[in-house]
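>>> Sequence first, then the predicted structure, then my questions.
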Amino acid sequence: MKIFLVTGAAGFIGAAVARKLIDEGHKVITIDNLSTGYQDAIPEGVEFFKGDCQDYSVIKQLEKFTFEAIFHIAGQSSGEISFDDPVYDLQTNAQSTLLLLKLAIKTKCTNFIYASTMSVYGDKPDRPVKEDTELNPKSFYGVGKLASEHYLRIYSEYGIHSTSLRLFNVYGPGQNMDNLRQGMVSIFLAQALKNKHIVVKGSADRYRDFVFIDDVVKGFIKAYNSNKHGYKYFNLATGIKTEVGEVVEKIKSNLPFDVTVEFSGATQGDQFGIYADILKVKKELDWEPSVKLNDGLSKMVHFHQGL
C-alpha cells in the first residue's frame, strides 16, 4: 500500500483524486482549511489534517510520512476572488507550493503533481492555446499559479520530478454549489436550481473549454504514472471551444422547468475566451477526454437535483 498526500481533499477536484487513490487500495493523507470545501466531502478512509498548506506548523506534522507522491490541489481557485486579498492568494497558491516542495525534499518524495490553471495564459487570439505560448496572467490567481510552476521547474534540479496540469474549466457532480464566484458551470447551475434565473457576468459570446471531472482525475493519475524525470507541464482540457451562451442553453435544456437568463456586468481579471491545444498531453501522457459536454452536464444536473 502506497501513501499519497492529496491537498484539498475537502474540495471538488481534490476529493475526486483522493477517492480514486483510495479505491485503488492506497492510503491518502490530506490537508484542507475548509475555506471552500466541506469535511463531509473528504472520502472515507482519508486521514485529515485541518489547516493551511502555507502554514509551516501544519506541514511539519507530515514529516513522519513517506509519500509515494504529492498531489497539490488545494488553494484559492478564483481569479475574481484573488483581487479581494492578493497577499492571501499568493500565500495559498505559491507559498504553499514552496513549503510542500521542501517537505518533498525532506521526506525523499520525488513525485509532485500540481494543479495549475489556464489563467496563466491570459487573453489570447481565437485559436487553440499551446503550452509554449507566451504567459501573461490577468489575475493575481494566475500570477500565483505561474510562480508555483517556476518553483517546480527549479526544484526539479534537486531531484523532484514534477508535472503541472493547466486545468481549464472543470465541472461535474460534487462541484461547490454554494460559492457563486468560483466555477462557471456550478455558478450557472446553482442559480438556475435556486432562483430559476441565471445572471451571467459578461457577454454570451465569451468562450471556454469545459472538461469533466472524471477526465481530470484520469489526467492526474496519468501524470503520476508518467512522472519519471524533470519538469513537465500540460493543458488538461477538451480542445473544444464552447461559448458561454451555449453552456447556459445546455444547462436550461437539462432542467424540467423554465429558466430566465440575464447578461450584465463583467468579472475583474476575466479572460474573454480561451480553449486548449491538447496534442502534447495526448502524445506524452496518453490522455484524452472521453466525456462530451452534453453528457457531463446531464450527469451534473441529475446529481445536484438528487436524481
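All right, it came through fine. Every value quoted in this text rests on a predicted model; they were computed, and no experiment measured them.

>>> Give me the nearest residue to R153, chain neighbours excluded.
For R153, ignoring the flanking residues on the chain, the nearest one in space by CB to CB, 6 or more residues apart in numbering is Y231 at 4.5 Å. All C-beta spots, glycine's among them, are computed from the backbone N, C-alpha and C.

>>> So that neighbour is in contact with S156, correct?
Yes. With contacts defined as CB atoms under 8 Å, Y231 counts as touching S156 at a distance of 3.9 Å.

>>> what touches both of these two?
Common neighbours of Y231 and S156 (criterion: CB atoms under 8 Å, 6 or more residues apart in numbering): S162.

>>> Now do L101 against I160, distance only.
As for L101, its distance to I160 is 6 Å (criterion: CB to CB, to the nearest Å).

>>> who touches both of the two?
Counting by CB under 8 Å, 6+ apart, the contacts common to L101 and I160 are F112, L152.

>>> Dihedrals phi and psi, the residue nearest to R153?
When read as degrees, to the nearest 10, the backbone of Y231 gives phi -120, psi 130.

>>> Okay, helices next: where are they in the stretch 201-307 of the chain?
Using DSSP state H, counting those that start in this stretch, the helices found in the stretch 201-307 of the chain span residues 213-226, 244-253, 279-285, 293-304.

>>> Where does pLDDT dip in the protein?
Counting by pLDDT under 70, the chain has low-confidence residues at 306-307.

>>> Domain parsing of it, as residue ranges.
Residue ranges of the domains in the chain are recorded as 3-170+210-236, 173-208+240-272+291-304, according to automatic domain parsing.

>>> So for K283, which of those domains sits nearest?
domain 3-170+210-236 (9.9 Å; CB to CB).

>>> Pull the distance from that closest one to the chain's centre.
In terms of CA atoms, centre = their mean, to the nearest Å, the centre of domain 3-170+210-236 is found 8 Å from the chain centre.

>>> Could you work out the end-to-end span of that domain for me?
Distances were taken as CA to CA, to the nearest Å; on that basis the terminal residues of domain 3-170+210-236 are 25 Å apart.
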